[in-house]
Structure formats: structure tokens, C-alpha cells
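Engineer: sharing a sequence plus its predicted fold:
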Amino acid sequence: MKATPKTMFPSLITNLLVIMMLLYGIAIPLPASGTENDVGHAGKTRPLNVLFIMADDCTFSDLGIYGGQAQTPHLSGLVKEGMLFRRCFQSAPMCSPTRHSLYTGLYPVRSGAHPNHTFVREGVRSVAHYFKEAGYRVALSGKSHVNPRKAFPFEYSNARGKEGGAGNPDMDAVDRLLKECQDHATPFALFACSNEPHTPHDKGDVSAYPAEDIELPPHYVDTPEVRTAFARYLAEITFFDDQVGQCLDLIRRHGLEQSTLVMVVSEQGNSFPFAKWTCYDKGLQSGMVVRWPGKVKAEVQTEAMVEYVDVLPTFLDAAGLPIPNDLDGRSFLPVLLGNTSSHKTVCFGLQTSRGIHDGPEHYGIRSARSDRFRYIRNLTPQTPFRNTMMKSAWWKSWVRAAGLGQAHAQAMVDRFQNRPAEELYDCETDPWNLDNLAEDPAHQTTRATLAEALHQWMKDQGDLGQETERTALQRQWKNAPRADQATP
């Protein structure tokens, strides 16, 4: 197991050096940008800016850019100007551990942030530290879901009292930030994090998605309740796409397009079955689009396997900043620049169900994904799985249909709640992960190879399986020591 990151003495030294340089009038150099054709007012090349936009509970394959039914014109326009990733994954199918991994470059167990509503261990550093120390303004507008604040020292804002509400980006604050950065030639790293299409799915124009015309996934039970709910969900994806458009428009209006790397991701899957809170592909795979004028070719796609833990080192690499050697993630800058078509051979994920709303006391899940196959290990298969969505009207409609003897409903209700110890899926021929090949003699080599890769990853991370699951409540922010909860 790698050692847990230590406290920030290097940061203290850096800050003292900066103060001394300012006192003696020594110029502080900013990182060089990889964009050669964007020149500021003084004729100097501008440092790279970063705009990161994230959805919330959005199954990637529901986006129009991946062939889904949701209308996403702004994302479609972005794809025409950049690179679409077809194999992007995250290490947990829940909001909080996902965001902690993304901002720290560490997998969930190593950072300490493996359950939902969690926090990182003492001494863990984040993207806010690295870019601030390089002279950047680093801001997070919208949903945060990371703790403690001293580990994530962003400039925070949200749309409380405005369109979208507190969990969404405050476009007025974003506008001010961009104007100030442009006026003062200050580079920025901005994280605009939406709360959509997270439940309750009450935003967007649902009339654009007539319930009777919706095409449901094959593992859904077709009831009026689920059609209505799914239509509302699709409408909220389009609402998110509008937010993407607003952010891109602000970048354009402030003349920052050429100096800004834009990345948009969809986060984990939706809160319908077999997505969020699961390690199936619809839970752990994410959409990703990157635009970087002059560096990333327009309208290209890549099959390179990347993970959210790779985002931080990639941003640092693109900005010409040093990458800490204790991160789990690896820069995929060579993929963006078109220098390679591959990055990783296996991606990993976990689900800690203890502590989720209306979840089981124990139901840990671990997973390894190759370019084609997904292997899943359920730590307590004897325990029925459950979560808060089982209170929904549409889930109750599934249960009613099952009670009336509908075979498909019976199969899906049972499959969601009762799972075997091992699962293996061919994601190329079975994208919905419905045909379990774990006991198929023809796939035993694949099963064993991925099982061993998963075992080694867990060992490296200090993941003790069920023993780690039992610590989940201690790693939730509401149970953190009061000293940790103090706002710096």
C-alpha cells in the first residue's frame, strides 16, 4: 500500500518563498501555456486556463453525443470542436467519492473518501492547492460535496436564490471571475459543477420528451410511472446542456476561448436501477469531451481508457506544472495531443453501500474493467441490495408488475436486489451488462485475470474488502471529528 500523503510542509515553504519574493520585488513566473497562438495585451503568451464542467447522476449513453435520447446541442457543438472519449471511467458510482477522487488524483480508499457524503484524510492535497501555488485563481461554482474545506480551498459560489438553486453554478459569479481574470491577466481553473440531472428531475422542458415516445433501456420494466420519470430525467439533461452553453458563452464573451482547455464530464450513472450505486458499466462509465484550441484536434474520438483520477495530473501537465509523484492518476496529455491512442489497460471501481440513504448495512462491491470485459465482485452476495430509489413510484410499479406475474418485471426486480458473488460481462456485445459470464467455461481466463488485477489493486490501496466497508460511517463527514469540521 502506498503511504497516505503527509501534511503540507512543502506548501508552507512555498508560501514563505512567495512572500519573500513579493517583499523584495521579485517577479513570480506563471506557468507556460501549451497554447502558442493566444497572446495577451503585452504580447506575451498567456498561461493555460482550465474550465471543467460536470453533470450530476447522468448516464453517459443517454447523452445525444453518445447516441442517447437527450437533446444536447451545446455538447454536440463542443464535440465538433474537440475530442470525445468513449472509454472514460470513474472509481465510484456516487457523487462524493467521485469528486474527491477527481480533485485529489487519488482512489477512494487511499484518500479516505470511499463512502458517500465523505471526507479525505488529514494532509491530502487537491487541485486547488496545486494551481493556487502557481498563481491561479481556483474556483468551484455549484455542487461541491467535498470535505474538509482546508483540503479543497476553492473560491466557492453557487446559485442559491437564483435559477437552478444552490447546487448549481452561479453564472453571475462565473462572469465576474472571468472578467477579473481577463482584466488582470490572471490564469484560472474553474470548476462549474451542476446538480443536474440529479433527482427530483424538476427542471427543463419535459414537453420535449413525450412519455409515450421514450425508448426505455432493455433492463427497465415498461410502466407509465417509469416512462414519466425517465422523460423528466431526459428534460433535465437538456437543462444541464443549457448550463454548458452558458459557460461556453461566457468564455467566448471574455475572449478566453483560445487560452482555455474545456472539459465536460457526465459523472456516474442515473438513479434508475443498474446505474448509480452499482459497478455496472452504466454506473461507472462516464462521458467526457475536451476542447483545447490549437492542441486537441477538432471532431475526433478516442478509445483510450482514462479515469477521473487522471484528470488532475492531466490538467497539471497541460499547464506545464509539476505532477506530484504520490498521485494514483496518470496524465493522459499524450492522448489529447494525438501522440498515442492508448492510456490504461484496466480501470477500477468500488461501491460502498453502507451509509447511503436507505441502503443496506453492508453491500460492498468492487470492479475491474478491461477494454472489453467488466468483472464485479460482490462482497456480501447473501445480503439483498437496496437503496432510496426503492421508495419511488416507478420502482413500486415494477414490484406491482412482478406481483402480477410479468416475467420481465420479476426478473429485473430479483436481479437488482439479489446478485451473485462474481459477475463478468462482455461490454462490447452486452453494453447493459445483462448476460453474466462468470461461470462460462469459455471466459475463465478472462475472469481470473481481472480478478487478480482487482485483488492487486485492492492490496495496493489498502482496501481490506469487508473490513474496509465496516469503517464507512467513520469516514462520513457528519461523523468527522469536530476539529476537522471547522471552516478554515
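Structural biologist: Noted; the coordinates are in hand. Quick caveat: nothing in here was measured; it's all calculated off a predicted structure.
Engineer: surely Ala275 is in contact with Thr59?
Structural biologist: Yes: with contacts defined as C-beta atoms under 8 Å, Ala275 counts as touching Thr59 at a distance of 5.4 Å. The way it works is simple: take the backbone N, C-alpha and C, and place the C-beta from them, glycine included.
Engineer: list the residues that contact both of those two?
Structural biologist: Gly269, Lys282 (C-beta atoms under 8 Å, 6 or more residues apart in numbering).
Engineer: what is the neighbour count of Arg99?
Structural biologist: 27 (other C-beta atoms under 10 Å).
Engineer: A helix includes it, no?
Structural biologist: Yes: with DSSP: H, G, I helix; E, B strand; the rest coil as the criterion, Arg99 is located in a helix.
Engineer: that one against Val146, yeah?
Structural biologist: Yes: judged on C-beta under 8 Å, Arg99 makes contact with Val146 at a distance of 5.2 Å.
Engineer: now do the helices in the stretch 1-150 of the chain.
Structural biologist: 9-23, 73-81, 95-104, 108-111, 127-132 (DSSP state H, counting those that start in this stretch).
Engineer: confidence-wise, which of these is weakest overall?
Structural biologist: Among these, helix 9-23 has the lowest mean pLDDT, at a mean of 43.
Engineer: which one is Leu350 nearest to, not counting chain neighbours?
Structural biologist: Arg366 (5.1 Å; C-beta to C-beta, 6 or more residues apart in numbering).
Engineer: compare Ala275 and Thr59 (neighbour count), which wins?
Structural biologist: Comparing Ala275 with Thr59 by other C-beta under 10 Å, the one with more neighbours is Thr59, at 30 against 26.
Engineer: so where's this protein shaky on pLDDT?
Structural biologist: The chain contains residues with pLDDT under 70 at 1-45, 482-488.
Engineer: could you chop it up by domain?
Structural biologist: The record's domain split for the chain, according to automatic domain parsing, is 45-334, 365-482.
Engineer: okay, these in JSON lines with distance to Thr340 next?
Structural biologist: Shown next, in JSON lines, are the domains of the chain (distance: least, C-beta to C-beta, whole Å):
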{"stretch": "domain 45-334", "distance to Thr340": "5"}
{"stretch": "domain 365-482", "distance to Thr340": "14"}
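Engineer: just these: most buried one?
Structural biologist: Of all the domains of the chain, domain 45-334 has the most neighbours on average by mean count of other C-beta atoms under 10 Å, namely a mean of 21.
Engineer: surely Met390 touches Gly359?
Structural biologist: No: with contacts counted by C-beta under 8 Å, Met390 stays clear of Gly359, the gap being 10.0 Å.
Engineer: sorry, back to before: surely the residue nearest to Leu350 forms part of a strand?
Structural biologist: Yes: with three-state DSSP as the criterion, Arg366 is located in a strand.
Engineer: partner residues bridging it?
Structural biologist: Leu350, Arg377 (DSSP bridges).
Engineer: tell me which residues touch it, please.
Structural biologist: By C-beta under 8 Å, 6+ apart, the contact set of Arg366 is Cys279, Phe348, Gly349, Leu350, Gln351, Ile376, Arg377, Leu379, Leu454, Met458, Asp463, Gly465.
Engineer: closest one of these to Asn116?
Structural biologist: Gln351 (9.6 Å; C-beta to C-beta).
Engineer: I'd say the closest one and Ile365 touch.
Structural biologist: Yes: counting by C-beta under 8 Å, Gln351 does reach Ile365; the two are 4.0 Å apart.
Engineer: residues shared between the contacts of those two?
Structural biologist: Thr278, Cys279.
Engineer: and the nearest residue to Asp62 once chain neighbours are set aside, what is it in contact with?
Structural biologist: Residue nearest to Asp62 in three dimensions, not counting chain neighbours: Gly68, with 3.9 Å by C-beta to C-beta, 6+ apart. Neighbouring residues of Gly68 by C-beta under 8 Å, 6+ apart: Thr59, Ser61, Asp62.
Engineer: try it again with 10 Å
Structural biologist: Applying C-beta atoms under 10 Å, 6 or more residues apart in numbering, we find Gly68 in contact with Cys58, Thr59, Phe60, Ser61, Asp62, Glu215, Leu234, Ile237, Gly287.
Engineer: of those, which pair is most distant in space?
Structural biologist: Among these, Glu215 and Gly287 lie farthest apart (C-beta to C-beta), at 18.7 Å.
Engineer: got any residues that touch both of Arg99 and Val146?
Structural biologist: Joint contacts of Arg99 and Val146 (C-beta under 10 Å, 6+ apart) are Ala113, Thr118, Ser126, Leu140, Phe152, Cys193.
Engineer: and the helices in the stretch 301-450 of the chain?
Structural biologist: Counting by DSSP H, counting those that start in this stretch, the segments of the stretch 301-450 of the chain that form helices are 311-318, 333-336, 393-403, 407-417, 444-461.
Engineer: want to throw those into CSV with distance to Val50?
Structural biologist: Converted to CSV, these look like this (distance: least, C-beta to C-beta, whole Å):
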stretch, distance to Val50
helix 311-318, 5
helix 333-336, 13
helix 393-403, 38
helix 407-417, 38
helix 444-461, 27
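Engineer: relative to Glu180, which of those helices is closest?
Structural biologist: Closest among those, using C-beta to C-beta: helix 311-318, at 20.8 Å.
Engineer: my guess is Gln182 meets His254, correct?
Structural biologist: Yes: between Gln182 and His254 there is a contact under C-beta atoms under 10 Å: 4.8 Å.
Engineer: just the contacts of Gly68: which are in strands?
Structural biologist: The strands, defined by DSSP state E, take in Gly287 from the contacts of Gly68.
Engineer: out of the contacts of Gly68, which comes closest to Arg475?
Structural biologist: Cys58 (25.5 Å).
Engineer: chain neighbours aside, what residue packs nearest to the closest one?
Structural biologist: Ser266 (4.2 Å).
Engineer: I'd guessed that neighbour sits against Lys276; true?
Structural biologist: No: at 11.7 Å, Ser266 and Lys276 do not qualify as touching, with contact defined as C-beta under 10 Å.
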